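Trainee: Fold the following.
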Amino acid sequence: MIQFLAVLAAPFLNLPVIRRIRRNHGLEHATIHMLSRKQKNLNIAGRSTNTGFYLYGNVPTAEVEAAAQEALHRMRHGEQGLAIHPNCGTGLVTAGVLTSITALAGTAGMKQSLADRLSRLPTIVLLSTFSLILSQPLGLALQQHFTTLGDPGQLEIVSINRYEFPIPLAGQRLTVHFVRTTRG
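Mentor: Predicted structure coming up:
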């Protein structure tokens, strides 16, 4: 079903700017996979654009560069599954949307009394749990067919810039890397 929808959406998904974002998103995930293999309990997040991707987390720049280059090399040599990551925002949004829809469905026709609301709680919990279970494979499928692209094409890493920002009231700094790409 998801694959069929992706075929229908292909004209949009293959617009040059969308294709570049999807390729960068795939390379972002692959880079995070490489970093995770070297650093246990890695705490990092990413965000992709049509010109590259951001990584938010305290990682040395040399490690980001090595991981991004290794990820690109591996993707070019057939490891396109690296573009899929279980902690992607696509999966989180999928879980949020499905859970919200099922929670609303569980309240359909409900009266306003507290007793009626409480009597529906087991149904809502069951529907929400089911939607969370379903959202994991669905989110991965949406990544594979819509939000990432495992084929890097002619994507090249141009530069990696490091930025640090103070975190108010925490006494710490947030490290952000921007991996600039071209020819995606």
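
Trainee: Which pLDDT value goes with the most centrally placed residue in the chain?
Mentor: Central residue of the chain (C-alpha atoms, centre = their mean): C88, 2.5 Å from the mean position. On pLDDT, C88 comes in at 96.

Trainee: Check M1 too.
Mentor: We have a pLDDT of 87 for M1.

Trainee: got it, and R120?
Mentor: With respect to pLDDT, R120 has a value of 83.

Trainee: how about K40, secondary structure?
Mentor: Under DSSP: H, G, I helix; E, B strand; the rest coil, K40 falls in the coil class.

Trainee: What backbone torsions are found at it?
Mentor: phi -70, psi 150 (degrees, to the nearest 10).

Trainee: So what's the residue count around it?
Mentor: K40: 6 surrounding residues under other C-beta atoms under 10 Å. Every C-beta, even on glycine, is put in place using the N, C-alpha and C of the backbone.

Trainee: can you tell me which residues contact it?
Mentor: The neighbourhood of K40, defined by C-beta atoms under 8 Å, 6 or more residues apart in numbering, contains no residues.

Trainee: ranges for the strands of the protein?
Mentor: Counting by DSSP state E, one finds strands in the chain at the ranges 45-49, 52-56, 156-167, 172-182.

Trainee: longest helix anywhere in the protein?
Mentor: Longest among the helix segments of the chain by residue count, using DSSP state H, is helix 114-142.

Trainee: The nearest residue in space to the residue nearest to the centre of the chain that is not next to it in sequence and I84, how far apart?
Mentor: In this structure, C88 finds its nearest non-sequential neighbour in Q143, 5.6 Å apart by C-beta to C-beta, 6 or more residues apart in numbering. According to C-beta to C-beta, to the nearest Å, Q143 and I84 sit 5 Å apart.

Trainee: Thanks again, I'm all set now.
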